[in-house]
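> just to be clear, the model below is a prediction. Sequence and coordinates:
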Amino acid sequence: MPELRRDPVIGRWVIIATERAGRPSDFQLQEDVTVEGFCPFCPGNEEKTPPEIAAYREANSVENGPGWRIRVVPNKHPALRIEGTLDERREGVFDRMNGIGAHEVIIESPIHDSSFCTLPRDHVRDILRVYKERIIDLANDSRLRYVVVFKNRGRLAGASLQHSHSQLVALPVIPKRVYEERESCTSYRETRGGCVFCDVMEEELSLDVRVVDRNDSFVVLSPYASRFPFEVWILPIRHSALYETQDEETLGQLAEILSRTVERIDGTLHNPPYNLLLHNAPLRSEQTDCYHWHFELIPRLTRVAGFEWGSGFYINPVPPEDATRYLRESRLGS
């Protein structure tokens with residue numbers, strides 16, 4: 001019997017359509033074909049990217065040359081540009097402004113086919129630290145209000161290059177999804193007196209049917225109202241609204257559990273394309289008691305089609321309880 005479930009964070013309903021599919025093997029993924037050949041992100045090709053903004057390098061290496069471990073460069077075809085003024089204006093019922101912002105690429109490793117689950121844990125921690133450092137730096141620009149950090153793995157998830165990388169886009173406005181999530185958190189606190197994410201975690205840990213993994217600082221959940229098969233959230237156990245305030249120990253714990261989560265996803269679903277998204281409070285936020293930063297990892301196993309676009313509902317053929325069981329059973333190499 002299909003079931004309607006309501007997301008307690010944002011109030012969105014989803015349909016858990018259990019009769020459609022159930023096992024990881026039921027998903028016949030279209031082959032994620034990659035075109036081999038020249039890669040501008042590989043060592044020795046640094047001149048093929050814009051000049052680096054930041055890099056973790058060997059002590060004797062030269063800027064914009066080989067010898068780097070992690071490298072940050074502007075996107076060659078940016079969605080937004082840092083130069084200029086916003087010039088906000090209204091024309092009747094329409095609002096517009098110049099496309100001011102930033103669009104950066106974090107090249108995660110000199111190894112072309114690396115992954116969060118194949119890189120050393122301290123290297124993954126350094127990638128996560130680069131996210132933090134770039135958010136802190138961009139927060140100094142008063143024109144910018146939000147930084148979207150994301151990773152697309154695989155062509156079917158939106159990646160145009162195979163070499164492992166993440167991206168960030170700094171925006172002059174707060175995205176509607178973030179605004180809705182923050183407003184829901186504020187409303188929950190006003191009516192129930194707590195953080196909805198903290199309360200969800202407490203209940204999930206007590207039930208232990210949708211907890212995929214945990215360590216001292218983080219818990220990995222299959223959300224109760226999962227939109228997509230095998231969707232997982234990685235949440236800090238200690239309440240925190242701002243990712244950029246995390247210390248080295250916390251980033252190390254995050255690196256550990258993120259690596260294990262990607263390994264579980266890859267082992268269960270045979271290296272699927274996925275999107276990894278950081279949900280964070282807006283830049284320079286003063287109200288930090290309501291929101292709770294977290295990562296969402298979404299394997300691209302199904303497609304959003306007419307019903308989803310027309311209704312705002314999502315149809316998920318795998319109950320999160322089943323997804324949790326399969327991911328827990330995945331054999332880890334370490």
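Yes, it's here.

> the stretch 51-200 of the chain: helices as residue ranges?
Applying DSSP state H, counting those that start in this stretch to the stretch 51-200 of the chain gives helices spanning 121-138, 176-192, 196-207.

> who wins for proximity to residue 89 among those?
Closest to residue 89 of the helices of the stretch 51-200 of the chain is helix 176-192 (C-beta to C-beta; 20.4 Å). For the C-beta atoms, the positions are set from N, CA and C on the backbone; glycine is no exception.

> dump the C-alpha coordinates for that closest one into PDB.
Listed next in PDB are the C-alpha coordinates belonging to helix 176-192 (Å, rounded to 0.1, in the frame of the first residue of the first chain):
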ATOM      1  CA  LYS A 176      13.900  30.200  -1.700                       C
ATOM      2  CA  ARG A 177      14.600  26.600  -0.500                       C
ATOM      3  CA  VAL A 178      16.900  27.900   2.300                       C
ATOM      4  CA  TYR A 179      14.400  30.700   3.200                       C
ATOM      5  CA  GLU A 180      11.600  28.100   3.500                       C
ATOM      6  CA  GLU A 181      13.700  25.800   5.600                       C
ATOM      7  CA  ARG A 182      14.800  28.600   7.900                       C
ATOM      8  CA  GLU A 183      11.200  29.900   8.300                       C
ATOM      9  CA  SER A 184      10.100  26.300   9.100                       C
ATOM     10  CA  CYS A 185      12.800  26.000  11.800                       C
ATOM     11  CA  THR A 186      11.800  29.400  13.300                       C
ATOM     12  CA  SER A 187       8.100  28.400  13.400                       C
ATOM     13  CA  TYR A 188       8.900  25.100  15.000                       C
ATOM     14  CA  ARG A 189      11.000  26.800  17.700                       C
ATOM     15  CA  GLU A 190       8.200  29.300  18.400                       C
ATOM     16  CA  THR A 191       5.600  26.600  18.700                       C
ATOM     17  CA  ARG A 192       7.500  23.700  20.300                       C
END
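
> packing partners of that helix?
helix 196-207 (3 or more C-beta pairs under 8 Å, 6 or more residues apart in numbering; DSSP states H and E).

> so how far is the very next helix or strand once past the helix it packs on off the chain centroid?
Per DSSP states H and E, the first helix or strand lying C-terminal to helix 196-207 is strand 211-214. Taking C-alpha atoms, centre = their mean, to the nearest Å, one finds strand 211-214 lying 18 Å from the centre of the chain it belongs to.

> kindly provide the whole-number mean pLDDT of strand 211-214.
Mean pLDDT, computed over strand 211-214, is 97.

> each with direction, which strands does that strand pair with?
With DSSP bridges as the test, strand 211-214 is paired with strand 218-221 (antiparallel).

> using CSV, write out every CA atom in the partner strand.
C-alpha atoms of strand 218-221 as CSV (Å, rounded to 0.1, in the frame of the first residue of the first chain):
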residue,chain,number,x,y,z
PHE,A,218,27.6,13.1,13.4
VAL,A,219,24.6,10.9,12.6
VAL,A,220,23.6,9.7,9.1
LEU,A,221,19.9,9.3,8.6
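
> got the contact list for that strand?
Defining contact as C-beta atoms under 8 Å, 6 or more residues apart in numbering, one finds that strand 218-221 is touched by 200-201, 204-205, 210-214, 232-237, 253-254, 257, 261.
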